[in-house]
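Visitor: The following comprises the amino acid sequence and a computationally predicted model.
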Amino acid sequence: MLERQGNLFVVSGPSGAGKGSIIKQLIKQRPEIWVSVSATSREPRQDEVEAVSYFFKSKDEFRRLIDQRAFLEWAEVFCNYYGTLRQPVLDALKQGTNVILEIDIQGALQIKQMYDEAIFVFILPPSLDELEKRIKNRGSETEESLALRLKTALEEISYIEKYDYFIINDDLAESTRKLDAIITAENAKVARDVIEMLDSADKGFMLG
Ligand code: 5GP
């Protein structure tokens, strides 16, 4: 039997839409899915853990990694660098593992250009008021960075048409179910390798 490569799922949406919470919930139920850990030059938040939340780098270290072509994609978001490390993602896909990237729109567009087979999912907040409330509740943003995150949210939402699926996150359990369903459906899609596999299999039955 031919081995199938893993599917690459790109999840984006405004900061505060709840992407992180949905993905965390999902992998409790589907631990076989691998969530890529990004590198960033931003300071860790209080509850964040090195190599689990992010690989935290200085701006200089990050630029060195860019020069070494270590990133599949990278972008400057809210005055800091964020990037997906290339090798672990490629290794996981080759092994047939489904991979989730939680990245911003700039990064998602880079992935779309190089790998159109990726599946793009956009997470929306139920409303902009709710989005503001969620970012404020995090307690980690200044007035200035809150304003920047809200302005960016509006810009980002205008890119939704580039995505394959959307989820309005007003209920965490329901949103998690939807992402789970998207992944299940995408994994069941008939792909070229399956067609080849059937074609080369013993034709031991007849139709009609
Ligand atoms: P935060 O600072 O709230 O953790 O993340 C800010 C934004 O950066 C979010 O929209 C998040 O999806 C995005 N982000 C996180 N990791 C990456 C990455 O590796 N690449 C890109 N392009 N964006 C990322």
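Guide: That came in fine, so what should we check first?
Visitor: Around the ligand, which positions in the chain sit nearby?
Guide: Proximity of the chain to the ligand (CB under 6 Å from any ligand atom) is limited to residues 15, 38, 42, 73, 75, 77, 82-84, 102-104, 106-107. Every C-beta, even on glycine, is put in place using the N, C-alpha and C of the backbone.
Visitor: Buried ones among those residues?
Guide: Among those, those classed as buried by 16 or more other CB atoms under 10 Å are 15, 38, 42, 73, 75, 77, 82-84, 102-104, 106-107.
Visitor: Just the ones in strands from those residues, please.
Guide: Among those, the ones falling in strands (DSSP state E) are Glu73, Ala75, Val77, Tyr82, Gly83, Thr84, Glu102.
Visitor: Does the first one touch Lys112 like I think?
Guide: No. When contacts are counted by CB atoms under 8 Å, Glu73 is not listed as touching Lys112 (9.9 Å).
Visitor: in this structure, which spans are strands?
Guide: Remark: strands assigned in the chain by DSSP E are 8-12, 34-35, 39-40, 55-56, 71-77, 80-85, 99-102, 119-124, 165-168.
Visitor: Please spell out which residues along stretch 33-46 are buried.
Guide: Ile33, Trp34, Val35, Ser36, Val37, Ser38, Ala39, Thr40, Ser41, Arg42.
Visitor: Could you tell me what pLDDT the model assigned to the last one?
Guide: So that's Arg42. With respect to pLDDT, Arg42 has a value of 96.
Visitor: which residues does Leu26 contact?
Guide: Ile33, Thr176, Leu179, Asp180, Ile183 (CB atoms under 8 Å, 6 or more residues apart in numbering).
Visitor: and Phe120, what are its bridge partners?
Guide: Beta-bridge pairing for Phe120 (DSSP bridges): Val10.
Visitor: what's the distance between it and Leu72?
Guide: Per CB to CB, to the nearest Å, Phe120 is found 15 Å from Leu72.
Visitor: Check the separation of the first and last residues in stretch 27-46.
Guide: 23 Å (CA to CA, to the nearest Å).
Visitor: Residue of this protein nearest the ligand, please.
Guide: Proximity of the chain to the ligand (CB to the nearest ligand atom) peaks at Gly107, 2.4 Å away.
Visitor: hang on, the earlier thing: and the residues of the chain next to the ligand as TSV, adding distance to Arg149?
Guide: Below are the residues of the chain next to the ligand laid out as TSV (distance: CB to CB, whole Å):
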residue	distance to Arg149
Ser15	5
Ser38	17
Arg42	12
Glu73	21
Ala75	15
Val77	10
Tyr82	14
Gly83	19
Thr84	21
Glu102	16
Ile103	16
Asp104	11
Gln106	15
Gly107	16
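Visitor: Least confident of the residues you listed?
Guide: Scanning those for pLDDT, the low point is Ser15. It has 84.
Visitor: farthest-separated two in the contacts of Leu26?
Guide: Ile33 and Thr176 (12.1 Å; CB to CB).
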